[in-house]
Structure formats: structure tokens, C-alpha cells
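*Asks:* Let me see the structure of the following:
(one chain, ligands or ions: 1)
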Amino acid sequence: MGHANQHHLVPLDGHFHKNEAIDWRRQQNAHAEAKCGGVRGEAEFDIADAATCFEYYGGLATKVSGLVNPVPDNALSLSLKEPVGVAGQIIPWNYPLLMAAWKLAPALAAGCSCVLKPAEQTPLTALKLARWLGECGVPPGVVNVVTGLGETAGARIVEHPHVDKIAFTGSAAVGKLIMKSAADTLKRVTLELGGKSPNIFFADADFEAAIDGALFGVFINQGEVCSAGSRVLVERSIYPKFVEAMTEKARSIKLGPPLDRATKMGPLVSREQYDRVCKYQEIGKSEAKVAIGGGQPSSFGRGYYVEPTIFYDVDNSARIAREEIFGPVAAVIPFDDEADALKIANDTPFGLAAAVWSRDIYRALRMVKAIRAGIVWVNHMQPTYVEAPWGGYKQSGFGRELGVHGIDEYLETKQVYINLNEQPIGWY
Ligand code: NAD
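*Replies:* Now for the predicted structure:
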């Protein structure tokens, strides 16, 4: 396990453009990805996005450049960019192929070797991806996939003295453990953690688009999304109408088997996750009112299905408003005015994402500036592009993936000083 050096950058560019290897297999592999906890319709988009990620970083690989620093005339000072070394990459079970692409593509483009550990629940597509990369010409030993449990396989990667950097995506609880453990070898660490993101609706927003956006924001991928808009903040003047319309539309969400194209919400990924979400449904019933859901659908004999659940009249101090549930559970919270909305939005330990819905550009942009989150959408929630940075404020982590920022996290800067003065230093 050595690290790839910068000589690999240019050849890798050529290989990366063969991302068709992923795209071609889109149809067959949507099946495998859906089996890894998603639903088929979404899995096809995710596979296309994974291919785009390799294409993007394939292009960026040849644009890594240093600087000439402005020092006095008797010297030349350069900043060189070098790969950080061996990157240990640990990913969660939601969007397993896409998460692997977000980790591997920038690291390879920077010239790093990678040891990737997929989540124990969803290793299939990461293993396939490693094989496709080999077929695309990535040399043996550059991409290594290690399967296993977090406490054993994951922890060993973090402790290992030959691993130079850890890029982790997962829960805040495990992120904290990783940071502590990485301190022993002073590894570079980037953390993409969870959230409790506010999706904020002002009364002047387009009503139909708003209802759609509220549901999409929290229920896409069964709510197993780090940036889920799980706190739905609604201006009081439209609040009753909004809860009613959201509830009515939620009735049309089609639950079903993940491989069925018509399915919009599949089962949760595991028994553990199912138990967790059911527990929060019960907690919610003691903290707020149920608009819809709150249990398990009776129509499925097998599978970890839960009903899309909307709680309303939620206070922001409630556990269902503070803790990441990571399932299809929305907490609808009323607010009085812009100041109140902002106070509630920022009153959370997390800061991954937020969305603001309003036709008033002044208010929308004031909110954008004041919200403490790494991603803020206006009049939409969830669109994500490989060209634009992704990452959190506060306990949602630090470091950025995607865009030009993503490759920087895998690069070191070496300063080179070249003396142009032929005289001795003359100090002694
Ligand atoms: P998790 O933290 O339980 O596990 C994530 C990964 O860490 C898994 O591969 C697991 O095996 C490993 N792991 C567990 N314990 C470890 C340890 N002690 N040392 C090293 N590795 C260890 O998270 P999860 O349940 O798989 O995923 C859901 C979480 O991921 C949610 O909190 C979600 O918000 C977050 N997430 C964040 C983003 C983002 O971009 N910010 C994206 C997707 C998911």
C-alpha cells in the first residue's frame, strides 16, 4: 500500500473519462444499489451522478497547480501541491455508491491511494466500483476496499500509522470517536456528519411548490438523507393550511418494494434503523400532534417499512426537533416572523443544510447570510452538484467535498525556497 504520486495525475485523467464504465452499467447496477437500501428510480440517478463525479475530477486532475510566492528578488519561492498520501475513507450506508464516488474521485485526482471502508450494511456497489476502476486502468493497490464493522475494520484504518488522512461520512457520534482516535497520529481529518436541517416557508412562497418542496425535502430516500429538511418551519399565517395540504399530499406517496419503478418510498435499510425510527415515532407522539403516519403500514408482510410521518405543533426544544432521526419523520414548527424563523433555524447543534422559500429576494438573501449552515437552498431543497461544495458548519462536521474544494482536502502544500544569491549567508 504505497501512495500514488503526481505522475499518476495525467494518466488518471484519461482513465477517469472512461466513466462510461459506470454509466453503461447503470441499468444493471441500479438493481444492486436499490438492494443496498435505496429505491430503483433514485438509484439510477445516483449512478449517473457517481459517473459525473469521476468525470469532473478526471478533468480537475490536470488543473492542480502551485504558486510562485512574492518574495524579494534574491530568492524564488514556490508552493507545490502534493498528494496527502494514503487516504482512509469511511462511508455510511445511505447512497453507498455515490458516497464512494465522492470519496475516491477527488482523492485519486489528487494522486492519493485509498483505503475505502463501506458501511457493513451496504458493501456491494463499492466492491463493484473498485473492480470497474481496475477495468478503467487504475493500477492495482491504488484503490483498496476493506469491508467489515466500524469498531474493528473502521477503527483500524483510523489508527493505522501509514494512513495519512481520514475522510469520514457518517454520524456525529462516530465522527467524534474518529477525531479522538486520529489525534494519536495527528492525521488530517475531514468529517461529513448528520444534520437537523430547517426547511423554511414564508407566506409569500409559491404554495404548491412549497408543499412539494416540504415533502421532497424530508421524505426523499425514506428520509435517510444527511441533509433532510426534517424541521419544516412555516410562517404562522399559512400554518394550518400548510399542514393540511402537506398531509393531504403525503397520502399519495407510494410505498413499495425498492425494485419496483413506481415506488417512491421503500423500506428502511436495517432492523436497527427501523427500531430507531419507530422509537422516534413514539417519542413524537408524546411531544407533538400527529398529522399523518406515526406507525408501520399494515399492507407489507415483510420489510422494514414505516409510514411517512408528519408531526405538527412541534416545539424546537422537542427531541424530534433536535435529534437526527434519519427516517421519514417531519417535525412542523410554526414561526411568527423573519427573526423568529432565523432564531429557530439556528437553534440546533447541527449546521449541514437549510432551505428558504420566499418570493421576496431581500428577505431570502438576508436569511441566506444569517443561517449557520454549509449549504443553503432558495426555493428548492436537496439539489446537489459535483461542481459545488458540500459540507457542514458546527457539529455537522468540517472540510468540504465536491467542487474544487474537494480536491484540496487531499493535497498538501510544500513551500520551496530557492536562493538566488551566490554570496555566503555571512551571519558568523
Ligand atoms: P455511522 O456513523 O454509524 O457509520 C458510518 C461508517 O462509520 C460506517 O462505515 C461504519 O462502519 C463506520 N464506523 C462505525 N464506528 C466506527 C469507528 N469506531 N471507527 C471507524 N469507523 C466506524 O453512520 P451510518 O448510520 O452508517 O450513516 C448515517 C449517518 O451518516 C447519519 O448521521 C447521516 O447524517 C450521515 N451522513 C452524512 C452525510 C454528509 O455528507 N454530511 C452523507 C450521508 C450520511
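*Asks:* so how many other residues sit close to whichever residue of the stretch 1-150 of the chain sits closest to the ligand?
*Replies:* With C-beta to the nearest ligand atom as the measure, the residue in the stretch 1-150 of the chain that lies nearest the ligand is residue 150; the distance is 2.1 Å. The C-beta positions use only the backbone N, C-alpha and C, and glycine is treated the same way. As a burial measure, the neighbour count of residue 150 was computed by other C-beta atoms under 10 Å and equals 19.
*Asks:* dump the residue contacts of it.
*Replies:* Applying C-beta atoms under 8 Å, 6 or more residues apart in numbering to residue 150 gives the contacts 90, 117, 119-120, 174.
*Asks:* and the residues you listed near the ligand, which?
*Replies:* When contact is defined as C-beta under 6 Å from any ligand atom, these meet the ligand at 90, 117, 119-120, 174.
*Asks:* follow-up on the earlier one: write a PyMOL command that selects only the buried members of the contacts of residue 150.
*Replies:* Selecting only the buried entries of the contacts of residue 150 in PyMOL, with 16 or more other C-beta atoms under 10 Å as the criterion:
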select buried, resi 90+117+119+174
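*Asks:* roughly how far apart are the residue of the stretch 1-150 of the chain closest to the ligand and residue 121?
*Replies:* Counting by C-beta to C-beta, to the nearest Å, the separation of residue 150 from residue 121 is 11 Å.
*Asks:* Can you give me the distance of the residue of the stretch 1-150 of the chain closest to the ligand to residue 166?
*Replies:* When distances are taken as C-beta to C-beta, residue 150 and residue 166 turn out to be 13 Å apart.
*Asks:* Next: residue 174.
*Replies:* 11 Å.
*Asks:* Need the phi and psi values for the residue of the stretch 201-350 of the chain found nearest the ligand.
*Replies:* Scanning the stretch 201-350 of the chain for the residue nearest the ligand gives residue 226, at 3.1 Å (criterion: C-beta to the nearest ligand atom). With angles defined as degrees, to the nearest 10, residue 226 sits at phi -60, psi -30.
*Asks:* quick one, what contacts residue 261?
*Replies:* With contacts taken as C-beta under 8 Å, 6+ apart, residue 261 has the following neighbours: 40-41.
*Asks:* Also residue 241?
*Replies:* residue 207.
*Asks:* What distance separates the opening and closing residues of stretch 61-75?
*Replies:* The first residue of stretch 61-75 is 29 Å away from its last residue (C-alpha to C-alpha, to the nearest Å).
*Asks:* so what's residue 95 closest to, chain neighbours aside?
*Replies:* The shortest distance from residue 95 to any non-neighbouring residue, by C-beta to C-beta, 6 or more residues apart in numbering, is to residue 46 (5.8 Å).
*Asks:* mind listing the helices for the stretch 1-150 of the chain?
*Replies:* Taking DSSP state H, counting those that start in this stretch as the criterion, the stretch 1-150 of the chain contains helices spanning 9-16, 20-24, 26-35, 40-60, 96-110, 124-135.
*Asks:* tell me, which of those helices is the model least confident about?
*Replies:* Taking the average pLDDT of each of the helices of the stretch 1-150 of the chain, the minimum falls on helix 9-16, with a mean of 44.
*Asks:* what about the residue of the stretch 151-300 of the chain found nearest the ligand, how many neighbours?
*Replies:* Ranking the residues of the stretch 151-300 of the chain by distance to the ligand (C-beta to the nearest ligand atom) places residue 154 first, at 2.3 Å. When neighbours are counted by other C-beta under 10 Å, residue 154 registers 25.
*Asks:* List the residues that contact it.
*Replies:* Contacts here follow C-beta under 8 Å, 6+ apart; on that basis residue 154 touches 90, 117, 148, 174.
*Asks:* circling back to that earlier point, quick check: the residue nearest to residue 95 touching residue 98?
*Replies:* Yes: using C-beta atoms under 8 Å, residue 46 and residue 98 qualify as a contacting pair, with a distance of 4.7 Å.
*Asks:* Quickly list the domain ranges of the chain.
*Replies:* Following automatic domain parsing, one finds the domains of the chain at 6-193+392-416, 198-378.
*Asks:* Excluding chain neighbours, give the residue nearest to residue 242 in space.
*Replies:* In this structure, residue 242 finds its nearest non-sequential neighbour in residue 234, 4.8 Å apart by C-beta to C-beta, 6+ apart.
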